[in-house]
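Peer 1: what follows is a predicted structure for the sequence shown.
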Amino acid sequence: LAVSSIKLMTPMYVALENESAWDVTLPEQATNQATVKVVSLANGGEQLGWARVTMKCEAEAYVARRTVRSTELLKAEDFELRKTDVLGAKASGNAIFRKDQFPEAVRARVTLATGALLTAAAIERMPSVRLGDMVTLILRGDNLRISTKAVVQGTAAVGDMVTVQLSLYNRTFR
């Protein structure tokens, strides 16, 4: 975490003999911009004033080389590893993709402009089935296997839960 700029909101005075005897109290959640409390280390944590700081956290992460449109399949050649500020993504709880973590078999959930950071919030898994597709349901037991055909009632990727309808019995299952 690095501070890229500081703007004092009030004048602060520190004795010359204690010019390095101060510290700041950072907010619990780090963001690109924050208001921090400046305290004196010489006077037991006495408040000296407030400052507005702009911070950044640089890390090597995937960024778009070109504009990737919504629903477009992500390809590694459309992204590059670049040292960039990832603090904004981390502060909002978005996972970022670093070296050797490029996601496979996913598409863009939103349009990613050139230079945009690739985050988990910007992608979604590719749907394997869509509304109206016919699928086979298989129920397996110790010495029993039952299968039947059903119609998918939504869009789903591998591992997702989806509602299906058994047309023979006019029943729906998840």
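Peer 2: Yep, that arrived.
Peer 1: flag the shaky bits of the chain, pLDDT-wise.
Peer 2: Scanning the chain for pLDDT under 70 picks out the ranges 1, 90-92.
Peer 1: just the strands in it please.
Peer 2: 2-8, 22-25, 33-40, 47-56, 58-64, 79-85, 106-108, 123-125, 134-140, 145-152, 164-166, 171-173 (DSSP state E).
Peer 1: out of those, flag the one nearest residue 97.
Peer 2: Of all those, it is strand 58-64 that lies closest to residue 97, at 4.8 Å by CB to CB. Where C-beta positions appear, they are placed from N, C-alpha and C, glycine not excepted.
Peer 1: any buried residues in that closest one, and which?
Peer 2: 59, 61-64 (16 or more other CB atoms under 10 Å).
Peer 1: what does it contact?
Peer 2: Identification of contacts with strand 58-64 by CB atoms under 8 Å, 6 or more residues apart in numbering yields 2, 78-86, 96-99, 102, 112-118.
Peer 1: just the buried members of the residues you listed?
Peer 2: Listed as buried from the contacts of strand 58-64 are 78-79, 84-86, 96-97, 112, 116-118; burial here means 16+ other CB under 10 Å.
Peer 1: which of those sits closest to residue 21?
Peer 2: Using CB to CB, the buried ones among the contacts of strand 58-64 come closest to residue 21 at residue 85, 30.7 Å.
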